[in-house]
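Asker: Sequence and predicted structure below; questions after.
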Amino acid sequence: MSLGNVLRPKQRPIDKLLMPLETFARHKLAGAGLLVLATVVAIAWANSPWADSYHHLLHTKLGVSFGETSLNKTLHHWINDGLMGVFFFMVGLEIKRELLVGELSTLRKATLPAIGAIGGMVVPALLYVAVNRGGSGVSGWGIPMATDIAFALGALALLGSRVPLGVKVFLTALAIVDDIGAVLVIALFYTADVSLTSLGVGIACVAVSSALNLLGARNAVLYFIIGTCAWLGFLKSGVHATIAALLMAFTIPARTHIDGEGFVERIELLLGRLKSVGIPKDTQMNDGRQQSCLDHMARSIDLAGAPLQRIEHALVAPVTFLVLPIFALANAGVSLKGGIGSSLSDPIVIGIVLGLVVGKTVGVAGAAFAAVKLGLADLPDKVSWLQIIGVSMLAGIGFTMALFVASLAFPDVATVDTAKVGILLASALAGVGGVTLVARASPSRE
């Protein structure tokens, strides 16, 4: 019997009904497709006869109280400060994993995407400031700095196996370094007045979590409780609460409790005991001894894996299919009743489009070219410069992070809506242009 048949349980009628959903969920374009759908729904809703209900829903107040302490925010704030905390927590886990064992684990591997990412943050910001210098929109300089990794990789996935692995690795590592830069920009430049007492509480929680990691604690619930306290401390301090989520991610244990030999030895012993007490013959409930063997096996599997990888894996589906679509639905609903034409001449829109489409392309590709010519890094195997330019333009899809920064950069709704027009337009242009360039540089294979 093949391994595939062993791992695939006998199908039930419900499995056949759910198969289309499972197939969709596993598809590389599923996340990006759902984001597009949520964006279209948000724009349609915000420009429909029911637009008032859209804005009323987002401004609905929701609060919780603990004795005399209360936390009262709009639904929009709960999504941006709370739900997006889950997204930033997963981003932190991804960054830590890449630094330890991934594409950023060695200096040589990290150099090209890191230098490219720096160029891709500096040049767009400078272009935006050049267009908006002296104007009221200059505070939005951080908007064109970010890359939406889900959209960018989803767009690249349209070309399938035509794209060399080196191109995908470069874009992934670039987006991760870009995320680090975006988080630093949010923490340093888009933070309100700081309450040192509340910030101290948040930092203390992160320190406690780090200490528990060093002591060998592996219970995810414990880290969740401490992380929630850290999030509340940062939220009350004025420093954006998503920073707490990112910091907490770096305190999650990334080591296994037992090595491979120890795991195999445990499983073999437990399998022998299971055979001695009797292997379950059907799908009925196990007896006490059988269940005890299975529980110990599950515990051994838990000890042989790192909590970081287990938690990251568990968060992929909720973030992809719940957190990001809800964020898009809550933030992409820009009113177009005033006419797109008037918005296109706004310096904010011009700055964002130039920054994301031109700035990202020139910044990433230019910095990468300089790094290779100076001998600081190597061009990935089987990757051409035209493919690098195409991927650099794909990095201009700034959707999620750009919308997030726009909500922090501008205090009034009208200016945020103007920025949304620029973000949506720039992301579409960067996506189409980037895919076209990479496709032309990547001939189809038989």
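Answerer: Cool, got the structure. Because the structure is predicted, anything quoted here is derived from the model rather than measured.
Asker: How about Leu394: what's its closest non-neighbour residue?
Answerer: The shortest distance from Leu394 to any non-neighbouring residue, by C-beta to C-beta, 6 or more residues apart in numbering, is to Gly434 (3.4 Å). (Glycine included, C-beta is placed from N, CA and C.)
Asker: elements contacting the host helix or strand of Arg108?
Answerer: Secondary structure assigned from DSSP states H and E places Arg108 in helix 107-132. On a contact count with 3 or more C-beta pairs under 8 Å, 6 or more residues apart in numbering; DSSP states H and E, helix 107-132 meets helix 165-189, helix 347-353, helix 360-373.
Asker: Any idea which residue is closest to the centre of this protein?
Answerer: In the chain, the C-alpha nearest the mean C-alpha coordinate belongs to Val91, at 4.8 Å (C-alpha atoms, centre = their mean).
Asker: doesn't Asp179 make contact with that one?
Answerer: Yes. Assessed by C-beta atoms under 8 Å, Val91 is found in contact with Asp179 at 5.2 Å.
Asker: Mind checking the pLDDT average for the helix holding Arg108?
Answerer: Mean pLDDT, computed over helix 107-132, is 91.
Asker: in it, what's buried?
Answerer: Using 16 or more other C-beta atoms under 10 Å as the test for burial, helix 107-132 gives 109-121, 123-125, 127-129, 131-132.
Asker: ok, now stretch 314-326?
Answerer: 315, 319-320, 323-325.
Asker: What's the end-to-end length of it?
Answerer: End-to-end distance for stretch 314-326, by C-alpha to C-alpha, to the nearest Å: 18 Å.
Asker: Where do the domain boundaries of this structure fall?
Answerer: According to automatic domain parsing, the chain comprises the domains 107-191+334-446, 260-304.
Asker: Let me know the pLDDT of Phe224.
Answerer: Note on Phe224: pLDDT of 94.
Asker: same check, this time on Glu103
Answerer: Predicted confidence (pLDDT) for Glu103: 69.
Asker: for the stretch 51-200 of the chain, which spans come out with low pLDDT?
Answerer: Filtered on pLDDT under 70, the stretch 51-200 of the chain yields the residue ranges 66-70, 103, 192-193.
Asker: give me that answer again for 90
Answerer: 51, 55, 58-59, 61-88, 90-114, 134-137, 145-199 (pLDDT under 90).
Asker: all strands of the protein, in order?
Answerer: Applying DSSP state E to the chain gives strands spanning 61-66, 69-74.
Asker: Can you say which of those strands is packed in most?
Answerer: Among these, ranked by average contacts under mean count of other C-beta atoms under 10 Å, first place goes to strand 69-74 (a mean of 12).
Asker: so of the domains of the chain, which one's packed in deepest?
Answerer: domain 107-191+334-446 (a mean of 21).
Asker: What is the distance between it and the centre of its chain?
Answerer: Distance of domain 107-191+334-446 from its chain centroid, counting by C-alpha atoms, centre = their mean, to the nearest Å, is 15 Å.
Asker: Quickly note the distance from the residue nearest to the centre of the chain to Ala330.
Answerer: Per C-beta to C-beta, to the nearest Å, Val91 is found 19 Å from Ala330.
Asker: do Leu153 as well
Answerer: Taking C-beta to C-beta, one finds Leu153 at 23 Å from Ala330.
Asker: Please apply the same query to Ser48.
Answerer: Taken as C-beta to C-beta, the span from Ser48 to Ala330 is 16 Å.
Asker: which ones are touching Leu174?
Answerer: 113, 116-117, 120, 147, 364, 391, 395 (C-beta atoms under 8 Å, 6 or more residues apart in numbering).
Asker: Of these, which is the nearest to Arg266?
Answerer: Pro113 (39.0 Å; C-beta to C-beta).
Asker: Return the residues in contact with that closest one.
Answerer: 103-104, 170, 173-174, 176-177.
Asker: How about it: what's its closest non-neighbour residue?
Answerer: The shortest distance from Pro113 to any non-neighbouring residue, by C-beta to C-beta, 6+ apart, is to Ala173 (3.6 Å).
Asker: Pretty sure the one you found sits against Glu98.
Answerer: Yes. Ala173 is within contact range of Glu98, at 6.9 Å (criterion: C-beta under 8 Å).
Asker: just to revisit the earlier point, quick one: the residue nearest to the centre of the chain from Pro49, how far?
Answerer: 38 Å.
Asker: What of Phe151?
Answerer: Going from Phe151 to Pro49 by C-beta to C-beta gives 30 Å.
Asker: and if you look at Ala254?
Answerer: Taking C-beta to C-beta as the measure, Ala254 falls 52 Å from Pro49.
Asker: Can you pick out the residue with more neighbours from those two?
Answerer: A side-by-side neighbour count of Ala254 and Pro49, using other C-beta atoms under 10 Å, places Ala254 first with 17 against 6.
Asker: Quick check on that one: phi, psi?
Answerer: When read as degrees, to the nearest 10, the backbone of Ala254 gives phi -120, psi 10.
Asker: That one - nearest residue in space that isn't next to it in sequence?
Answerer: Spatial nearest neighbour of Ala254, chain neighbours left out: Leu308 (4.4 Å); criterion: C-beta to C-beta, 6+ apart.
Asker: and the closest residue to His296 other than its chain neighbours, how far is that from Ser292?
Answerer: Spatially, and ignoring its direct neighbours in sequence, His296 is nearest to Leu270 (5.3 Å; C-beta to C-beta, 6+ apart). Per C-beta to C-beta, Leu270 is found 9 Å from Ser292.
Asker: what touches both of those two?
Answerer: Common neighbours of Leu270 and Ser292 (C-beta under 8 Å, 6+ apart) do not exist.
Asker: got a list of what the nearest residue to Val358 once chain neighbours are set aside touches?
Answerer: Once flanking residues are discounted, Val358 sits nearest to Leu127: 6.6 Å by C-beta to C-beta, 6+ apart. Shown in contact with Leu127 (C-beta under 8 Å, 6+ apart): 144, 351, 354-355, 358-359.
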